[in-house]
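Visitor: fold the following and give me the result.
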Amino acid sequence: MIGLIRKEMYALWALYRKNLILVLVMYTFLGVALNNMAFPYMTIWMAGLYSFGWFSADQMSGWARYARTLPVSDRQVVAGRFLSTLILQLAAGVYAVVIALINSLSGNAGFMEELGTIMVFFSISVMGMGIMIPAAFKWGAEKARTGFSLGFGAVAGIVWYASANVSEFSEVILWLNQLNGPLVMALGAVLIYVLGCLLGCRIYAKSEF
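Guide: Numbers count the residues shown, from 1 in each chain. Predicted coordinates for the structure are as follows:
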């Protein structure tokens, strides 16, 4: 299992390292200099897309056929994919938290409010990947990535527009925080991700390569 995760991380770094460094530098500048958290929020969504980029390469190269010659089970292959994607999203979430902390220390934002929003974005992203990874095993990574991008982009766009243009939106966020809304969403994300992993195992086991 550890070997599968390391394979994913090494492959992603080899494929995306230049783009990743550029994005982090640019988004850090925009997030801190302009006090605009929309860009750090986007890194959580982008982490899933990075994972899908290598997922697509795996499918084109016939990795699944080769994986069945290795001393690992189908469940371990699927679980490795889910864990690798989750690790990338967690790293992006930590990055967003660091930017929020820097902005709060400079007096430009409230850290707890930003933390709640980050949890919401993270939960939505995890839910999306919990649905799209099994879809990728079933229909291919490209179709699943398109659906994930459109769906998450639409949700993120609505949230961003509402936060900037709808005065009542901040009151809704505060109300959700009082109801532990981010925590409820996080628990929902865990449930969907686990169910998605189980579904992915069933689809993968029935696949013929």
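Visitor: only C-alpha atoms from now on, for both contacts and neighbour counts.
Guide: OK.
Visitor: now residue 71, what's its secondary structure?
Guide: With DSSP: H, G, I helix; E, B strand; the rest coil as the basis, residue 71 sits in coil.
Visitor: look up phi and psi at it.
Guide: The phi/psi pair for residue 71 (degrees, to the nearest 10) reads phi -80, psi 50.
Visitor: now it: how far from residue 77?
Guide: 10 Å (C-alpha to C-alpha, to the nearest Å).
Visitor: between these two, tell me which one has more neighbours.
Guide: Taking neighbours as other C-alpha atoms under 10 Å, residue 71 and residue 77 compare with residue 77 leading, 19 against 8.
Visitor: quick check, the more buried one in contact with residue 2.
Guide: No - the criterion here is C-alpha atoms under 8 Å, and residue 77 misses it with residue 2 at 10.6 Å.
Visitor: show me the shaky parts of the chain.
Guide: 107-109, 148, 152, 159-181, 209 (pLDDT under 70).
Visitor: how about 90 then?
Guide: 1-74, 80, 99-121, 124-125, 127-129, 131-133, 135-188, 204-209 (pLDDT under 90).
Visitor: how about the helices in it?
Guide: 2-33, 38-61, 63-67, 74-105, 111-139, 141-165, 167-178, 181-206 (DSSP state H).
Visitor: show me which residues of the fourth one are buried.
Guide: Using 16 or more other C-alpha atoms under 10 Å as the test for burial, helix 74-105 gives 74-75, 77-86, 88-90, 92-93, 95-104.
Visitor: cool, and the fifth one?
Guide: Within helix 111-139, the residues scored as buried using 16+ other C-alpha under 10 Å are 111, 114-138.
Visitor: next, the angle from it to helix 74-105.
Guide: Interaxial angle of helix 111-139 relative to helix 74-105 (axes from the mean of the first three to the mean of the last three C-alpha atoms, to 10 degrees): 160 degrees.
Visitor: which strands and helices sit next to helix 111-139?
Guide: Helix 111-139 sits against helix 38-61, helix 74-105, helix 141-165, helix 181-206, with contacts defined as 3 or more C-alpha pairs under 8 Å, 6 or more residues apart in numbering; DSSP states H and E.
Visitor: please tell me how far it is from the chain's geometric centre.
Guide: Centroid separation between helix 111-139 and its chain, computed with C-alpha atoms, centre = their mean, to the nearest Å, is 5 Å.
Visitor: what's the answer for the fourth one, then?
Guide: Taking the mean C-alpha point of helix 74-105 and that of its whole chain, the gap between them comes to 7 Å (C-alpha atoms, centre = their mean).
Visitor: so which elements touch it?
Guide: Using 3+ C-alpha pairs under 8 Å, 6+ apart, helix 74-105 sits against helix 2-33, helix 38-61, helix 111-139, helix 181-206.
Visitor: in a markdown table: these, plus distance to residue 154.
Guide: As requested, the helices and strands packed on helix 74-105 are arranged in a markdown table below (distance: least, C-alpha to C-alpha, whole Å):
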| stretch | distance to residue 154 |
| --- | --- |
| helix 2-33 | 20 |
| helix 38-61 | 12 |
| helix 111-139 | 12 |
| helix 181-206 | 18 |
